[in-house]
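[1] Prediction below, plus the sequence it came from.
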Amino acid sequence: MKTHVTVIPSDGIISVDGEVLFLDGITSETFHALQWHGGAGHVEPGDGLPNEELSADDYEERVAPFVALWEEEKERLTTEAAAAEEAYNSLENVKARKLTAIDAETSAAILAGFECEATPPDTGVPELLHFSYDEFDQQNFADAALSMQLVATSGDIPTSTPWNAYRGHTADSKGELVILNLTAETFLPIYAAALNHKATQMAIGGQRKAAVAAAQTVEDVEAI
């Protein structure tokens, strides 16, 4: 015998010991509500009619059938949740999520930028600087590379370009802005570093994805 049972057919509600489940199959019941608490209860017929009192002798016939429906639905939901969890944690799905994560991590690593040696005009001394490589700057690199190639064939193309770099860059701080003035000669090694940065990160991502494809267990995938 359950301690607390509440049935509200119009809402499809059966609550057993405080846990509410919804069952469409009880909406055809004609009473307003059934309440059972601590060995006794009542049925509320509604329409202004008086409540029908229930005693322990009435439990098996009047209350237990709704408890049985509740238990059946709870078992169904538990089985359904277990099947969903098993599917979610299947090797196939774990691999799919890992591949998505690798793509995102690879993209983030590329967009994070790279380090390359350059000579700031404020010191005249070569030093390792950080260069942005977000989508905007990737286009800037491509445009600048084309511009430098055209210098020799057109007098209207600028022979140098200002470029932002950052001194003292960290994961938490962009660093101090350093504006370089790059010619074709000084731009080329930085552009090469940019291309190498992107190719390296893509290669790392590719290697990780190949490892995912070869993994035989969920644990193997999670370790990648």
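    Thanks, I have it. Fair warning: this is a prediction, and the values are worked out from it, not measured in the lab.
[2] who's in contact with the host helix or strand of residue 82?
    Using DSSP states H and E, residue 82 sits within helix 64-88. Helix 64-88 is contacted by residues 1-2, 5, 7, 14, 16, 19, 21, 23, 25-26, 34, 93 when judged by CB atoms under 8 Å, 6 or more residues apart in numbering. (C-beta placed from N, C-alpha, C; glycine too.)
[3] Turn those residues into a markdown table, including distance to residue 183, pLDDT and secondary structure.
    Output for the contacts of helix 64-88, formatted as a markdown table (distance: CB to CB, whole Å; pLDDT from 0 to 100; DSSP: H, G, I helix; E, B strand; the rest coil):
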| residue | distance to residue 183 | pLDDT | secondary structure |
| --- | --- | --- | --- |
| 1 | 90 | 92 | coil |
| 2 | 84 | 96 | coil |
| 5 | 84 | 98 | strand |
| 7 | 83 | 98 | strand |
| 14 | 79 | 98 | strand |
| 16 | 80 | 98 | strand |
| 19 | 74 | 97 | strand |
| 21 | 74 | 98 | strand |
| 23 | 77 | 96 | coil |
| 25 | 80 | 92 | helix |
| 26 | 81 | 96 | helix |
| 34 | 87 | 97 | strand |
| 93 | 52 | 98 | helix |
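[4] Who wins on neighbours among the residues you listed?
    Within the contacts of helix 64-88, most neighbours by other CB atoms under 10 Å means residue 7, with 29 neighbours.
[5] which residues sit in contact with it?
    13, 14, 15, 26, 29, 33, 34, 66.
[6] one more time with 10 Å, if that's ok
    Taking CB atoms under 10 Å, 6 or more residues apart in numbering as the criterion, residue 7 is in contact with 13-16, 23, 26, 29, 31-36, 41, 43-44, 62-63, 65-67, 69-70.
[7] Now it: closest residue in space that isn't a chain neighbour?
    Closest residue to residue 7 apart from its sequence neighbours, by CB to CB, 6 or more residues apart in numbering: residue 34 at 4.0 Å.
[8] For that neighbour, list each beta-bridge partner.
    In this entry, residue 34 is beta-bridged to residue 7, residue 43, by DSSP bridges.
[9] from the middle of its chain, how far away would the longest helix seen in the chain be?
    Using DSSP state H, we find that the single longest helix of the chain is helix 184-214. Relative to its parent chain, helix 184-214 has a centroid offset of 25 Å by CA atoms, centre = their mean, to the nearest Å.
[10] do stretch 39-56 as well
    Relative to the mean C-alpha coordinate of its chain, stretch 39-56 is positioned 50 Å out (CA atoms, centre = their mean).
[11] which SS state does the spatially most central residue of the chain fall under?
    Centre of the chain computed as the mean C-alpha position; nearest residue by CA atoms, centre = their mean is residue 101, 8.7 Å away. Following DSSP: H, G, I helix; E, B strand; the rest coil, residue 101 is assigned to helix.
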